[in-house]
Every structure is written in C-alpha cells, then in structure tokens.
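Peer 1: Have a look at this fold, sequence not included:
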Ligand SMILES: Nc1ncnc2c1ncn2[C@@H]1O[C@H](COP(=O)(O)OP(=O)(O)O)[C@@H](O)[C@H]1O
Ligand SMILES: Nc1ncnc2c1ncn2[C@@H]1O[C@H](COP(=O)(O)OP(=O)(O)O)[C@@H](O)[C@H]1O
Ligand SMILES: Nc1ncnc2c1ncn2[C@@H]1O[C@H](COP(=O)(O)OP(=O)(O)O)[C@@H](O)[C@H]1O
C-alpha cells in the first residue's frame, strides 16, 4: 500500500463524511418544507439537536457498541466508552488495509448514526412534545441503532449468516422507518387530517424547501453510498455513483407515472419522494447491481411510493413527510432486491435478506414502541390541542419561523 | 501510472461529478427565485424531471451518441444503446490513461447532459405547457445535445478543425441558450410584460432563492470546469480553480458598474447574472488563460449581461431568468475569447471558434425551433390565458408552492 | 514524494477550497435569515459583492502582502502585485513539499480572505449605507487582514514568538469580530431596538434560511479546518474532522442548556449560534486537541454564546446576527484554549496566545474604527430614519426581496 | 342588508366555519389580521423576552339579510368562545346594497 | 360619502383597475382575502384529492362621492365579469366622513 | 358605536400606536394592504425602471363610542402625518352593534 493510495482512499472517505453530514441539512429542509408554517422552528430545532446528540452519543459509546471487535457472529458487544486511537500505523495505514484511518472510521460512521433519528423526526412532526422526543432520540441512537448495526456491519450474527446490506437500506433507513412507524402509531394523526368526510391533507408550507432537501439528499447520497465502498476503489466507487444516480432518476420517473395514473396529476411531492425512494432502494445493493438493475430497482421503488403513501393514509397512519413510505417500505424493497437482482441474486440470499429485515425490524420496532409507550404513559408525548392548533413554534419555542 | 495516482484522479472526477450534479439544485433554486410565486411548483417539477430524464436518456443512448468512438472527424456516430463496461483494466486504469474509469466517464458526462434542458426551462417558464416541454427535453437531450457534443468532445469534425471548447461555453451553455431562444420566440412573452406604455417587469418571487442558486452554481462550477481537466492534474486543476473564481468575481464587478451606470441602481439580479456570465465566459478557456486574462474575460462578460438583458427586452423576447443573456451571449463571448486571449489566441483559432459557434448554433437552433414549432402546431405549447393568470401551479399541478 | 501523493494532497486542498467558498453562501443565508424581510436584498447584495471584491483584491495584492516571503519574523512585507507562478516544479510539487501547487495556495487563501468582511456585514446589517460599507470592505480585506495574517501565517513576528492559530480563530474570526465591533459602535443600534421599557428584539425574517446557513457553514468548516492541514495527511485531516464535528455538536448542547436555563425556552437562534461558537472555538487548535478536549472547548463556547449575546445587548451594542458573540468572543476563547488544552497547553503558550489576541485585536480594531470613523464624518455610514423604517431594499436597491 | 365582521382566534376557525355551515351560512370572505387587545402573547428571541403587542387572528366578513344577523352572531359567539381573554369581537353594520359581479343581481338574490 | 368594497377574481384585477382608471377612479386600497363561496377549486396533495374550501381573491376598497357609486359598481361588474361562478361580490355602504391624514381635509376634498 | 378605518404609512405605525395609547386607545385590529394613490414609488427590476402602482400600507380598524371619534381621528392625523403625499386616509362609519365573543356582551361593555 503506497502512501499515495492510502491518502487518496482516506481523502475520499472524508469527502464522503462531509457529504453524509450535508444530508442532515437535506432532511432539515425537506421536513420543514413538508410541515406547516407554524411548526417550522420546531422541526429545525429538532434537526439541529439530533445531529449534535447523534455525534456526541456515538462518541461516548455508540461507535464501540456497533464495532465491539472481539468474537464475530455475536448479538451484542461493547469495546468500552469513548475513543482510543490505536498507536502508530495501527490507527493509520494498517487500520483498514489503507482504506482510512481510525478517526475517519469513527466520524464517517457517526454521521450515519444520527440519520435514523432524523427519519423519525419528520414522521412525528407537528404534534410531538420536544422534550420526550429528544429523550427518545438519545436512547434510539445510543442503544438501538448500534446494536442492530453491529449484527451486520459489526461482524455480528447476521453478517455471519450472509445477510447483505451495502450502505444501509435496512440498517439505517428501515431502522429509522420502524421507529417512525412506532411513533405515529402511538401519537395518532394530526388534528383534522382524517375527517368524517375523508382525508383532509395538510399541505406542507414550502415546496421549494422540500425540493432543496431532496436535491441535497441525493447529493449527500454520493457519500452515503460512495463512501460505503470504504475506500476510493475507482471501479467500485464509480459504479456506485452510476447505480445510485440511475436509481434516483428512475425513482422519479416511476413515481411520475404512477401518481399521474392514480391521481391524474403531476404531483411534485410524489416525484420528490420517488427520488428518495429510488435512493433508499438502491442503497442495499449499490455495489452489486448493473446500471440496468439499478434502473429497475429505482423504478419499482418510485412506483411503490404513491401506493404506499395512500396505503398508510388509508390506515390513518399520519406521516407528514412520507418517511415510512420512503425509508421503511423502500428500505425493505431495496434489501430484498439484493436477493433478486445483481451479483448475489438467489433464493438462499433472498432468505438471508428476509431474516435480516425481519429480525432487525422486530427488534427496532419493539424498542421504539416500548420507549414511546413508556414516555406516553409518563410525561406524555403529544402536545395539547390548543398548542397543536396554534403551532409548536409558539408553544414550545415562543417564536415564529417567519416574519413575512 | 501508479494505483495511487489513478485513484486520486478518479476520486477528483467523481467529486466533480457530484458538484456538477449540485448545479441542478442551483438551477432549480435560481429559476424558482426568478419566477412568480404561482409558478414555483411547476419550475421545481420541471427541474426534478429534467435531471432524471437526462440521466436515463444519456444511459439509454446519449453517451454512445456523443462518444461513438470509431473514425475521428465525423458528423455523426453511434456505438449502440446502453452501457458496456470494457473488460478488466480496459475499463479501469487503461480506459483514460489512468484519469478515470469507464463508469466515471459516463456519470460525469451524464451530469452535463441535463444542463442544456435546465437552461431552456428557465427561459420558457411561467407560460409553457408541462407535457410538451418534457417531450422537447427528451428529444433535445437525447438527440441534439449529443450530436453537437460529438462534433467536438466526441472527436468529431470540429475537433479535427481545431475548434476549442474546454468545458462547454458553446457545447453546453450556448446549446441551452439556443434552445431557450427558439422556445421564447415561439411562445411569445408572458401576459402583461410588454405593454403599450413600455416594459412592465414581473419580479421574481424570492431573491434569496435566486442568490442561493447562483452561489450553488458557482460552487458546482468548480466541478464543471475543474473536472473537465479529466484528471486531478495538480497544476491544471488548480489553475482552472483560479481562472474560474476570478472570472466569476470579475463578472459581478462588471455587472455592478454597468448596471449602476445604466440604471443608477445597485441591481442584485444583474450582479447575480453577472457572476453567472463570468462563469460561462471563462468555461471555454478556463485551462488556457492566465489569471489576468480570466479577470478581463469575466469582467467583459459581466458588462455584457445588463446590455444583453435590455437588448432582448427591447425585442420583446421575454426571458424570466436571463438564460439567453447568461448562457447564449456569454457562451458565445467565452468561446470567442479563446481566440483572443491566452495560450491559443490567434486569428486562425478565432476563425475556428467562429465556425464552431455558428455551426453548432445553426444546428441547435433549427433543431429546437422545429421541435417547438411541431409541438406548437399539434398539442400546443402555451397554457391558456386564464391558467397563466391563475398560475401553472394550480393549473398543471393543482397545488400551491407556499402555505404562508 | 510520489506523483500520486502530491495529486491526492492537492485534490484535497482544492476540495477544501470549494468547501470554504460555500461558507460564503452559508453566511449569506444565515445573515439574510436573521434580518428583516425589508433588508434581505441588501444583505444578499453585500455578500455577493464581498466574495467578489475579496477574491480580486487578494489577487491584486492581498496574497503577496500576507505571504511576502523574505525575512521571517517581520511586521510587514510585500512581494509585489498580482501573481507569478514559479517556473516548473517550483510552482508544483516542490512549492509546498508536495502539499499543493502555487495556484492552490492562492485560491485556498483567497477564499479565507473575504470571510472577515462577511462577518462584519452581518453585524452592521439593516442600517449601514451600501457604498461606504463596500469601501470599508475593500480596505479591510486588502490591507488589514493580510497584514495581521502575515504576522502569523506569513511567518511574521507572532509566528516567531510561538503564537498558535491553526485555522484562524483569531486571524480570521476575531479579526472579523473586531471589525464588526468597531462598526456597530459607530453606527449605533437599529431604531426601536433599545426602548425606554427595555429591549425590543427585531426578529429575523426567516429561521429556515438561518438554519440553512448554519448547516452550510458547518459543512464548509470541514474545508476551513481540514484544509488548514495544508495536505491530505490522513491522520491529521481525519482528526481535524473529528474535533471540528464534536466541538460543533457540543456547542449546540452547551447553548441549549444555558439558554434553557437563562430563558426557560428552547431557543433555536441560540442553538444555531452555539454550533457556530463551537466551530469558531475549535478552529485555533483543531489539530492539537483530543476528541475529549474538543468536546469541552465546544461546550464552553456554546455556553458562552447566550451570555455574550445578553452582554452585548445590555451594552446597547446591536448585532442582528450575533457576529460579535460568535466570531469575536468565541474566537478569543478558542485561541486561549490552545494554551489550556491539548498538545501545546502550558503557561508560556497561554501568554503567547494572549499576545497574539491582544496585538491583532488592537491593530484590527483601530484600523476598522478609523476607517468607519473617517467614513462617518465624510460620506456618512448610516441611512436616514425614513429609509431605515421603509427598508434598505427599497432605499438602496429600489426592489423587494419577496413577492409573496 | 347587513355586514357582519368578526375578528376571531386562529384556533377557533374550524369550529366557527362548521357551526355557520350548520345554519346555512357557507359563504363568506376571510382575511388574516393582527389583533391588538387585552390578550397578549409572550415571545422570546435571541435571549430577550418581549411582548410583540399583537396576536395573529382571522377576520370573517359575512353579508346577510337583516333577519339572519342575530342567529349568525349567536352562532359565532357560541362556537368561537373559549372563555379566555382574546376570543375576539363581532361588529354589525348596515349596507346600502350588495351586487353579484357574475350576474349584476342585487339585494337578496346576490347572496 | 360612500365606501365600495368589491371581492374579485385574481385574474380580473388588471382589467378592473384599467376600467376604473378610465372613469377617473385611480385611488383605492387593495387587500388579499380568501373567498368561501359557491365556486370551489380541486386540489391534490400527496395523493389526496380535496377541496380546500376557499379561493384566493382580492378585495378593493373605494371611497367615493354618492353620485359616483353606480358608475363604479357598473364598471366593476362589466370589467370583472367572466360569467363563471366565482366572479365575486360588491357591497356599498354609507360612511360618516373621510379625512386625508396629510392635510386633515375632510369630505370630497379628502379624495 | 362607530368604526374608524385608517390607511397609514408603514413608517408611521409606531408613532400612531403610541399616540393612540396615550389617549387610552390600546385595542384595534391591523391588516396589511396595498395602497393605490397619488404617491407612487419607483422600482427597478432587471434593468427596467417601472412603477408598480401601489405602496405597501397598513390599515387600522378601531371600534369606539361616538364621543371618542373626533379625538381618535385627530390623534391619527397628528401622529401619522409626514406632510408628504401618501400619508393616507381615515374613514368613519356607524355600526349597529359590537359583541365580545368571550362574554356575549354588546355595546360599550364589549370594548
Ligand atoms: N376597540 C377595538 N377595535 C377593533 N378591534 C378590537 C377592539 N378591541 C378588540 N379588538 C380585536 O379583538 C381581539 C380580541 O380582543 P381582546 O381584548 O384581546 O379579548 P376580548 O375580546 O376577549 O376582551 C383583539 O385582538 C383585536 O383584534
Ligand atoms: N354572503 C357573503 N358574504 C361575504 N362574502 C361573500 C358572500 N358570498 C360570496 N362572498 C364572496 O364572493 C366570492 C364569490 O362568490 P361565489 O358564490 O363563489 O360566486 P358568485 O358570486 O359568482 O356566486 C366568494 O368567494 C366570497 O369571497
Ligand atoms: N378614494 C380612495 N378610496 C380608498 N382608499 C384610498 C382612496 N384614496 C386614497 N386611498 C388610500 O390612501 C392612500 C394614500 O393616498 P394618496 O393619494 O397616496 O396620498 P394622500 O392621501 O396624501 O393624498 C392610498 O395609497 C390608498 O391606499
């Protein structure tokens, strides 16, 4: 391993880290665009806190819970709190066969961690109490995410079984989606959304903000997937760029046609969610697919979105930003797709994918449900009607997002 | 070629790819900032679709139309549909003497392709029908752009003649500009813009959005020009960063003085367009100019903007975002500048530049004009008065951009 | 030094350059979010001009004032106007032992330069005359910033003394902060802010814009601090990523608790400023600190913010964006921290840090004060009451930021 | 012909609209206003606690026949009331005429 | 003195303004309102088709002398009409006085 | 009972609010309007100098007892005047009733 190659690899991993960080701005803008004007300060506050909490908790123990080292194939492990840079070359060129340094490993992974909470924050927006939500985030990102993450990326039992999840369709996105589902089930829908005479949508206050969010997320995804190669390997990283981009594009087209067919309308939020669906869908197998496969996977993900959004609405599961459809449903689809398309395709693999989806799904959903349930029956998780009507910005923050 | 150098080169090309991708967010925000509140959903929808259509069509055939290989010096060629990664090293280190991989080549070029349509979308905004516009985009990006692109970058006849266009002042920006010109000629101006008692401007609905767009475009341009070096060559790429930045800065100053002199006013939209003018202007020769040259080129481009905007308005050619002034006029200026300043300066070169500008201009303008003309006389390209007055967001999308 | 390593290093430096450039968009959005709707065009105009002026003036003489070469340990030097690329390898691989090229050096430094003015522009917003402010910027960025910068980074007397400022807590941020302080002292507060019955805050017009700004600044800081390693050294750059991110996160938490404790409120602007405070605080020693140190430094910086904002308000020093608290106060804190925590900690170092803070502070404050004072007593620096009430957008630019 | 102008709470609008619909009043014009009154709302910005002096409210304008007035006013009072300071005000005044632009009809037919 | 309040279509404003100018009525006050009426507008959001219940409209307030009223109302009707449901309403009522702030003039002189 | 509607300059609002408070008028309803009048404002956009035709203004609505009217009008005139064209207009008209939603009180008690 030459110093030049090591440096090039590590540089790419750090650029990816920065790109993944920017996804948090993407989430912040997407979510604030999809909520009402009166809850924008609240959603921004949550996003600013989540990334901060996520990074610190990952520093305190998350990283060492997710990568405990020791015996592979386990269910749980912990390498002790905080970070300890291995001496000399062990922490540098030798740390990951010249892919990146110990510090890079930590910060790249840390940027991923907070994502799972951000996904939840969008789904429970406009009605959840700030304090209890932040408590949930601390527990979710410090305990739940690293444990299930360890099962695969930490060389745990799912990894041993052959479960494959390249960049986290399941480990990151579905995990966030399950948390979101538990949250909205216990919170109930926003007042006035599901009325006697049918669904009364509550339009987001700014489509430009939402669109900015989607473009930024796509941009950040180059680091999310591209960085998951864990080196700057020219062939692999460039393939991942191609599959990721084509899946996102196909997702837009898929959502375009289905929503036009379903609602006779050029539905911007659907197309935006379609892009995200395509990105989530390709994430599990971005390095295993041909361009053609990625187009199919993305296109199907895009088609899933409108159907899924309608499905959740039918069940009165109120998700202002569509996080469950994008991250949970498309995350599952993407994980399954690894068993259907690409290098690894095969029944055995498909079964392994299913095992991973189900086991992680059960663990995460139960964890999130129990935490939200406990909070609900103690401090309470929902703001009162008056505050919901007036808006959480005034209620929780005594200020408004806009002076316009 | 060491693996380290190959990896560093390819990494830079992929970073550039991501930066060029972000330019599409830049266009989306710039254009939505410059249109009225009632047409914002429409412009965002167009931008989300364009990048998706562009990537897919380039995958289906665009790439192989633009880089057909085979006999150099030709007018047209096609290497067959879809992508075929060359076996082994041929697709990797050997593909471009270690500059980048086959996949990188495709995805970097693909990000460029959609740009030409985005330029058009801004100029025809606020009055064009969505469906016909998307049809135009498919044809423009799948056929017209790759063919003229092949003439130069695909080792076609203009390349053989010695025409020089480093990163696309003509091949990308003027091409988009010609398409825009054809569009606005056939569409006619927005209702109420040109009245009996003179021009009645229709101010864009959000200057912050427009400013965000310009800064993002400048940011992306580091990849647009920097990546066009087609390797991470330290000397060349860093020179390109310098010339690109200085030209953009000089463009702002040029537009500042001229607009102050012409309108006795500190005109923000003009300064923003001046920055873009400077960037478009330097694009053709970003690797051939000294810092001093780039300042002059950018400054002149900036001075051209206000004059050009007034010129088009005089001719009742209504361009809400100034795409024709920025991309067409400054694109021509930048291409000519290669024959006037820098390494290649000389009459012979100037003639070659002229031939390139004219030939590509004629082909592109005719192509776009014929397509728009055909659409106009079949499905029609303009929304009816009532819809234009009420806004395309309600008319085409049955929703509004803001709930404020 | 292999070509691969040189290329990787230079590529990272150029990516950092682009990231630092994007910080100017961060400042533009942060500042426009924190001002009133009626002054948004004005602030955007200033930001667009500042980066342009900064780059050009740095090209004309700033760079050679800041890096005069010649005898180390001096107070002032000038290597002549404009840029002169050293012949052959001297300007490339040999220029900085393979860290980056001559052009890279210039453009990376140039992006820093404009920052100091941007910091001022936020603090003096909503009441300063555009013309005189631009004159101040030209002088500040062309003369003051390079001279004090030379004292340390240009191998001047402070460098010789052992003063340490890794990426510019003092050289960039405090310098901007001192300029801001001088400006607001001479300008006086905005009308109606400090009334007989106490402080009447003037809320910013868009919190989403402000939040976008903070996230973009954090993103750009990876280049600001990461690039200040002046190579892509894997160990160092990745450590800087870790310390920078943890300090920012801790800053948010620090501001969260203190503002909750002080105002019984979840204060978004405070948390946003807390993030910036953490970033400014770690900047001076980002390469010297352990993750633990960086958390402490960031947390304290975050706690300083609310106290500092209240402090300045008590003294009727009106700073719409909190630039003095973030950049001046936290800049001083961060510079001192180098003498308290990390590798260099020690009394001797602490003294050197103090000397640096004080000497640069005095020079910069006096310079800015004199320039503003001279302008005040000639052309005047403040718009008249009527214009302030109506807004600078109409007054200085004859247009409005929004048509909503 | 009378015109009723009611300044109400944001949070009561849905209740009032539905209550009015029940008594057959489905048509009205709504505008966003700022109410300066007894009720105030504390706000905090960058560490300063203050009272902006106003509260965002909605104004409902209803044109109706004289005989409808009392019923409408009572309906708004009953559905718009929370009992807390700040429920708003209803003013009623006589108008000379109302015309429907579409048809030029005037008086009761125009409603 | 009379006051005329007209709720009109966004799309008709330019026509109405020009028509009023022709009859010498150049001064008025405009505000943005939401109209709840017969006319409704279908909207779609994230896959749900719904009726928000209102349509964005403009309200024009004109103070004028009694003798001008009919002419103004007719002008608004003729220039604001599209014939489709939702053209709007015009109300007229008497006012006690109008005062010009700049001069303190009242009555006709204040216009 | 009277209702006073005053269209004023943005820049004079604070002065008027404070002046009204001095004479005990602390309650009113404020809305943002566009004023088409004598005063015009030149604007420039992308190189075209033009007159948008209107100026952003504020409208203050005050309900009061008959005897308060003159004092209030005078106060607005004196505190809202700049002497330049565009200071605005004040209209006064009689209302049949005012009701406080919170209590149902009417007339003077409702204020
Ligand atoms: N004299 C008045 N003239 C006009 N509007 C008024 C007047 N008094 C109150 N209002 C409006 O009614 C709203 C509610 O009045 P307020 O005094 O706050 O509560 P309440 O009506 O319950 O006493 C105020 O915010 C204001 O918009
Ligand atoms: N009774 C009413 N009181 C106040 N405003 C009304 C009333 N009826 C209608 N309007 C206003 O007039 C607008 C147009 O009325 P609508 O019934 O939709 O059409 P048309 O007037 O052609 O029958 C409505 O949107 C509403 O703003
Ligand atoms: N006849 C009118 N009806 C309604 N509003 C009017 C009328 N005349 C003027 N106004 C309002 O008063 C504002 C000020 O009037 P303007 O003629 O500009 O200045 P001045 O009142 O000093 O002559 C206008 O912008 C408009 O909003």
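Peer 2: Cool, the structure landed. Remember, it's a predicted structure, so these values are computed and weren't measured experimentally. Residues are numbered from 1 along each chain as shown, chains lettered A, B, ... in the order given. Ligands and ions are numbered 1, 2, ... in the order given.

Peer 1: does residue A:80 really touch residue A:64, like I thought?
Peer 2: Yes - using C-beta atoms under 8 Å, residue A:80 makes contact with residue A:64 at a distance of 5.8 Å. Any C-beta I mention is one placed from the backbone N, CA and C, and that applies to glycine too.

Peer 1: Among those two, which residue is more densely surrounded?
Peer 2: Shown here are residue A:80 and residue A:64; by other C-beta atoms under 10 Å in any protein chain shown, residue A:64 has more neighbours (23 against 10).

Peer 1: Find the nearest non-adjacent residue to that one, please.
Peer 2: Excluding the flanking residues, the one nearest residue A:64 by C-beta to C-beta, 6 or more residues apart in numbering or on different chains is residue A:79, at 3.9 Å.

Peer 1: isn't the one you found right next to residue A:66, touching?
Peer 2: No - if you go by C-beta under 8 Å, residue A:79 and residue A:66 don't touch, sitting 9.6 Å apart.

Peer 1: between the two, which one's more packed in?
Peer 2: residue A:66 (27 against 17).

Peer 1: contacting residues around the closest residue to the more buried one other than its chain neighbours?
Peer 2: Leaving aside its sequence neighbours, residue A:66 sits nearest to residue A:146 (C-beta to C-beta, 6+ apart; 3.9 Å). Counting by C-beta atoms under 8 Å, 6 or more residues apart in numbering or on different chains, residue A:146 touches A:58, A:61-63, A:65-66, A:113, A:154.

Peer 1: Over to residue A:364?
Peer 2: A:144, A:148, A:174-175, A:178-179.

Peer 1: What strand or helix carries it?
Peer 2: With secondary structure defined by DSSP states H and E, residue A:364 is part of helix A:347-376.

Peer 1: Could you give the average pLDDT over that helix?
Peer 2: The average pLDDT within helix A:347-376 is 98.

Peer 1: Phi, psi for residue D:8 please.
Peer 2: phi -130, psi 170 (degrees, to the nearest 10).

Peer 1: farthest residue from the center of chain D?
Peer 2: Largest separation from the mean C-alpha position in chain D: residue D:47, at 35.0 Å (C-alpha atoms, centre = their mean).

Peer 1: my read: that one touches residue C:312, true?
Peer 2: No - Residue D:47 is beyond contact range of residue C:312, at 10.1 Å (criterion: C-beta under 8 Å).

Peer 1: can you list the residues of the stretch 251-400 of chain A near chain C?
Peer 2: A:396-400 (C-beta under 8 Å from any C-beta of the partner chain).

Peer 1: In PyMOL, how would I select just the buried ones from those?
Peer 2: The buried residues among those can be selected in PyMOL (16 or more other C-beta atoms under 10 Å in any protein chain shown) with this line:
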select buried, chain A and resi 396+397+398+399+400
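
Peer 1: Would you reformat the residues of the stretch 251-400 of chain A next to chain C as a markdown table and include secondary structure, pLDDT and distance to residue D:98?
Peer 2: A markdown table is the format used below for those (DSSP: H, G, I helix; E, B strand; the rest coil; pLDDT from 0 to 100; distance: C-beta to C-beta, whole Å):
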| residue | secondary structure | pLDDT | distance to residue D:98 |
| --- | --- | --- | --- |
| A:396 | helix | 94 | 44 |
| A:397 | helix | 97 | 44 |
| A:398 | coil | 96 | 43 |
| A:399 | coil | 96 | 42 |
| A:400 | coil | 96 | 36 |
